[in-house]
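# With the sequence up front, the predicted model follows.
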Amino acid sequence: MSKIYWDKGHGGDDPGAVANGLQEKQLTHKIVEYAMSYLEENYTGFEQRVTRTGDQTLTLSQRADMANAWGADVFVSVHINAGKGTGFESYVHPNASPQSIALQNVLHGEILSAMRQFGNITDRGKKRADYAVLRETKMPAVLTENLFIDSNDAKLLKNEAFLKAVGEAHARGVAKFLGLPQKAKPQEKSSDGKLYRVQVGAFKDKSNAERLAKELKDKGYPAIIV
Ligand SMILES: [Zn+2]
């Protein structure tokens, strides 16, 4: 059972970067919530926790300490950049383990390609920095800076579909890194989400009902005879 620790950057008294009517702490909350839901829906073999469920205030050391105390296998800290630049970048500690670098590689690729579904996104690179949450955590740890709150990037940060895609990409990256098994797909459904029922009683004999059911199936509409 793999243990995943999510860190929603900032929170409570510390809103993080603020611009264009956006607060970093609210965006990191949404992205991590989308990531956690996506993991729940699509994967098994893991437990996950998060530094704050709501708008609590936490120090950087508290975040790292909680992940260490739980014995997390992975730590991902989600942030939004500021400084009027553009694009996506990710960080590991300057003394990062090979596992941290492997996690950075898979997360960076997943997140960038998800972002690029929404337009041209600058790849600012896989970077290293002596950030407290990276220095003080004992497990593979990566920090992501998901676009700039105070530039034209804010347009995308106001798009809920974009935040969801970024969250889901974080989840897929972690799942790939840990090799989490995917959940079995639910019962097959047609593109309109319906399962068609062919009532035998409506036909002169059962073979006609069977023929219609087969025709429906061939056209991509799952049908059962009832
Ligand atoms: Zn931040």
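Nice, thanks for sending it over.
# List the contacts of the residue in the chain that the ion sits nearest to.
Among all residues of the chain, His79 sits closest to the ion, at 3.5 Å; criterion: Cβ to the ion. C-betas here are computed from N, CA, C, even on glycine. By Cβ atoms under 8 Å, 6 or more residues apart in numbering, the residues touching His79 are Gly9, His10, Gly16, Glu24, Thr28, Leu143, Thr144, Glu145, Asn146.
# What about those, which are in helices?
Glu24, Thr28 (DSSP state H).
# Considering only the contacts of His79, which also neighbour the ion?
Gly9, Gly16 (Cβ under 5 Å from the ion).
# Let me see the backbone angles for the residue of the chain closest to the ion.
The phi/psi pair for His79 (degrees, to the nearest 10) reads phi -140, psi 170.
# Tell me what it is bridged to.
Glu145 (DSSP bridges).
# Read off the pLDDT value for it.
Listed pLDDT for His79 reads 98.
# Asn105 touches Lys126, doesn't it?
Yes - using Cβ atoms under 8 Å, Asn105 and Lys126 qualify as a contacting pair, with a distance of 7.0 Å.
# any idea where the strands of this structure begin and end?
With strands called from DSSP state E, the chain shows them at 2-8, 18-19, 22-23, 46-50, 74-81, 88-92, 123-128, 141-148, 196-198, 223-225.
# So for Gly167, which of those sits nearest?
strand 74-81 (8.4 Å; Cβ to Cβ).
# circling back: next, format the strands of the chain as a markdown table and append distance to Lys164.
A markdown table is the format used below for those (distance: least, Cβ to Cβ, whole Å):
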| stretch | distance to Lys164 |
| --- | --- |
| strand 2-8 | 15 |
| strand 18-19 | 21 |
| strand 22-23 | 16 |
| strand 46-50 | 17 |
| strand 74-81 | 13 |
| strand 88-92 | 16 |
| strand 123-128 | 21 |
| strand 141-148 | 12 |
| strand 196-198 | 31 |
| strand 223-225 | 33 |
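# For Asp130, the count of nearby residues, please.
When neighbours are defined as other Cβ atoms under 10 Å, Asp130 has 10 of them.
# Contacts only, for the nearest residue in space to it that is not next to it in sequence.
Excluding the flanking residues, the one nearest Asp130 by Cβ to Cβ, 6 or more residues apart in numbering is Pro94, at 5.9 Å. Contacts of Pro94 were listed using Cβ under 8 Å, 6+ apart, and they are Arg128, Ala129, Asp130.
# Tyr131 too?
Contacts of Tyr131 (Cβ under 8 Å, 6+ apart): Leu60, Ser77, Tyr91, His93, Leu143.
# any idea which of those residues has the most stuff around it?
Neighbour max across the contacts of Tyr131 (other Cβ under 10 Å) = Ser77, 27 neighbours.
# My understanding was that that residue contacts Glu136; is that so?
No - Ser77 is beyond contact range of Glu136, at 11.2 Å (criterion: Cβ under 8 Å).
# these two touch, right, Ile169 and Ser113?
Let me fix one detail, which is that residue 169 is Ala and not Ile. Yes - contact criterion Cβ under 8 Å: Ala169 and Ser113 qualify, at 7.4 Å.
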